[in-house]
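Asks: Here is my input; please provide its structure:
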Amino acid sequence: MSIDLQRPYDLLPQVIAVARAAGAEIMAVYARDFSVTLKDDQSPLTAADLAAHRLIGEGLARITPQLPQLSEESPAEETAARREWPSLWLIDPLDGTREFVKKNGEFTVNIALVHEHQPVLGVVYAPATGQLYAAARGAGAWLVDEQGRHSALQATVPAEEPPRVLASRSHRGASLDALLARLGEHTLVGVGSALKFGFLAAGRADFYPRLSPTSEWDTAAGQAVVEAAGARVVGLDGAPLRYNARHTLLNPSFLCWADDSRDWLALASEA
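Replies: Got it, this is the predicted structure:
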């Protein structure tokens, strides 16, 4: 199939179908006893991660055989040439494996199409709840139910008072606590995985500061969704996060918000 990367929306129905199929594989493992191994970076790995990785890889290869893929579970030798790719699929087959292991339902399938270092399409699917957030450049962002019905997403402007601040269930740290102290009164919303981006896009939160490590596959799909819903994702220098543009796949610290009337960046200046 030919691809018009100026019209990424055309790919969205098929990518949603791939994400849902991967979610079914994940939930099949979720429903039974499963073992957990540790990767070299001490992050957990389960049969669900690997099953979803295989299914998504095969599905995207059928849709766009000409586009390379970079997944959290891709072996290093498959991605050695990634800096030469102007466009690619960036995938986290199971984001929030720690939440999956805890069986709290707060894990997602993340699939993003990156073109010229920017996410132009994103799907974030939470198979335990059926929530699916989808977006494509120029066409908006939606919450899509199991019947395929679309509800438009719009981030909240102005932010509520006190602001609702998103934080990871599994990754905190002193720098985030210091930022929250500078912010003052707020309501903390703890949630795992890329669901944090979905919450902000849906108007369920106002501010997402992330000062602990993430990788590009953790954020690309969520960034596509929140940007299409009227929010932004920027590093502490104020510039939008970019993808496949640096020697490392680790993101810098970043902030996500929709209400530009507040100086959210100033809160992180000493974090």
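Asks: Which residues outside stretch 235-252 are in contact with it?
Replies: 70, 82-83, 85, 88, 90, 112, 114, 117-119, 210, 213-220, 223, 227, 232-234, 253-255, 265, 268-269, 271 (CB atoms under 8 Å, 6 or more residues apart in numbering). From N, CA and C alone the C-beta is placed, and that goes for glycine too.
Asks: mean confidence score for stretch 113-133?
Replies: In this model, stretch 113-133 has a mean pLDDT of 96.
Asks: That should have said stretch 234-246, apologies.
Replies: For stretch 234-246, the mean confidence score works out to 96.
Asks: in that stretch, what counts as buried?
Replies: In terms of neighbour count (16 or more other CB atoms under 10 Å), stretch 234-246 has its buried residues at 234, 235, 241, 242, 243, 244.
Asks: Switch those over to TSV; also include secondary structure and distance to residue 135.
Replies: Below are the buried residues of stretch 234-246 laid out as TSV (DSSP: H, G, I helix; E, B strand; the rest coil; distance: CB to CB, whole Å):
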residue	secondary structure	distance to residue 135
234	strand	17
235	strand	21
241	coil	15
242	coil	18
243	coil	15
244	coil	19
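Asks: Please, a ChimeraX command that selects the buried ones among the contacts of stretch 235-252?
Replies: To isolate the buried ones among these in ChimeraX, judged by 16+ other CB under 10 Å, type:
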select :70,85,88,90,112,114,118,119,210,214,215,216,217,218,219,220,223,227,232,233,234,253,254,255,268,271
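Asks: Out of the contacts of stretch 235-252, list just those in strands.
Replies: Of these, the ones assigned to strands by DSSP state E are 70, 88, 90, 112, 114, 118-119, 210, 232-234, 254-255.
Asks: Now do the strands in the protein.
Replies: 37-38, 44-45, 69-71, 87-95, 108-115, 118-126, 131-136, 140-144, 150-152, 164-167, 187-190, 207-210, 232-235, 254-257.
Asks: Now do residue 258: how many residues are near it, please.
Replies: Neighbourhood size, residue 258 [other CB atoms under 10 Å]: 22.
Asks: With residue 62 instead?
Replies: By other CB under 10 Å, the residues close to residue 62 number 11.
Asks: Okay, it and residue 15: tell me how far apart.
Replies: Using CB to CB, to the nearest Å, residue 62 is found at 11 Å from residue 15.
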